[in-house]
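# attaching a predicted model along with its sequence, questions to come.
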Amino acid sequence: MKYQLERIADIFDEAEPMFRAHYKEVYSENEPPFSPDIETYEQMCENNRFRAYTARSDDGILVGYCFFFLARKLRSKECVNAHQDSFYISKDNRGFGEEFLSWCDEDLRKKGVTSSYQYVKDSCDFSPMLNRLGYEYVEKVYCRRLN
């Protein structure tokens, strides 16, 4: 398996079927429709506020991704947090998630990120893996749809 940083605009067409499979697997029917804002992702990349990591098979086929938003912690300016936007591995290729996420975290650390946050949907709970990697449970998040 090969892990690397890529530009989301460069991989979007190739990854779109995987994005749709991910959305269908983990999001409820109450979610808004799948319609990614590629322009905003790209602007964030240009401003060093977004990182798109990919996992590719030995023959170069995209089999997984982990995307992060980067933000300086406003109450502690020395801290830069990486907030996972999406973490997905195609169903046929699962089993290397710990290695991939560890690789992503190490690259983030090298870039000056001080904390990595992973968001876990109840419908797709991978918290046992996060615990094995040294992540700590820190909060619950609730969502109320306003429209």
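Yep, that arrived.

# buried ones in the helix or strand containing residue 11, by neighbour count?
Here residue 11, judged by DSSP states H and E, is contained in helix 8-26. Across helix 8-26, burial judged by 16 or more other Cβ atoms under 10 Å covers 8, 11, 15, 18, 19, 22, 26. Using the backbone N, CA and C atoms, a C-beta is placed for each residue, glycine as well.

# check the offset of it from the chain's centre.
Centre-to-centre, helix 8-26 and its host chain are 12 Å apart (Cα atoms, centre = their mean, to the nearest Å).

# other SSEs contacting that helix?
helix 38-46, strand 50-56, strand 62-72, strand 80-89 (3 or more Cβ pairs under 8 Å, 6 or more residues apart in numbering; DSSP states H and E).

# output those in a markdown table; the columns should cover distance to residue 109.
Below are the helices and strands packed on helix 8-26 laid out as a markdown table (distance: least, Cβ to Cβ, whole Å):
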| stretch | distance to residue 109 |
| --- | --- |
| helix 38-46 | 19 |
| strand 50-56 | 12 |
| strand 62-72 | 12 |
| strand 80-89 | 9 |
